[in-house]
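>>> predicted structure and sequence below. I'll ask about it afterward.
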Amino acid sequence: MPTIIAHHDVDDTEHWLASPKRDEVFGPLGITNIRTFTNPANPTQVALLADVPDLDALTALLESEGGAAAMKDDGVRPETVVLLVEA
């Protein structure tokens with residue numbers, strides 16, 4: 001199962017950290033071991049690390065209306081999302 005890192009900017013770091021959306025949208029895809037990170041020098045830059053059983057399903061989610069709504073709810077700036085996959 002590949003591990004991914006997703007980094008992006010958010011409007012409100014505390015809101016993003018406290019949000020239950022990650023579990024709500026990633027749980028049904030079997031995404032586990034989600035860990036969150038913030039940049040101490042620029043707290044609006046955040047990242048998450050997770051184990052993803054189906055990268056195609058994750059990509060489809062991120063490009064879907066539901067994914068866009070979840071990102072909006074979390075204050076994620078979608079144009080800044082970068083997805084890295086464990087090599």
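Perfect, I can see it now. Residues are numbered from 1 along each chain as shown.
>>> residue 50 reaches residue 25, doesn't it?
No. Counting by CB atoms under 8 Å, residue 50 sits too far from residue 25 to count as a contact (11.6 Å). C-beta here means a position set from N, CA and C on the backbone, and glycine is covered the same way.
>>> verify the stated contact: residue 51 with residue 35.
No. With contact defined as CB under 8 Å, residue 51 and residue 35 do not form a contacting pair (10.0 Å).
>>> the two: which is more packed in?
Between residue 51 and residue 35, counted using other CB atoms under 10 Å, residue 51 has the larger neighbour count: 15 against 10.
>>> tell me which element the closest residue to that one other than its chain neighbours is part of?
Distance criterion CB to CB, 6 or more residues apart in numbering; nearest residue to residue 51, sequence neighbours excluded, is residue 33 at 4.5 Å. For residue 33, the element it lies in under DSSP states H and E is strand 32-39.
>>> which residues does that strand contact?
3, 13, 16-17, 22-23, 26, 45-51 (CB atoms under 8 Å, 6 or more residues apart in numbering).
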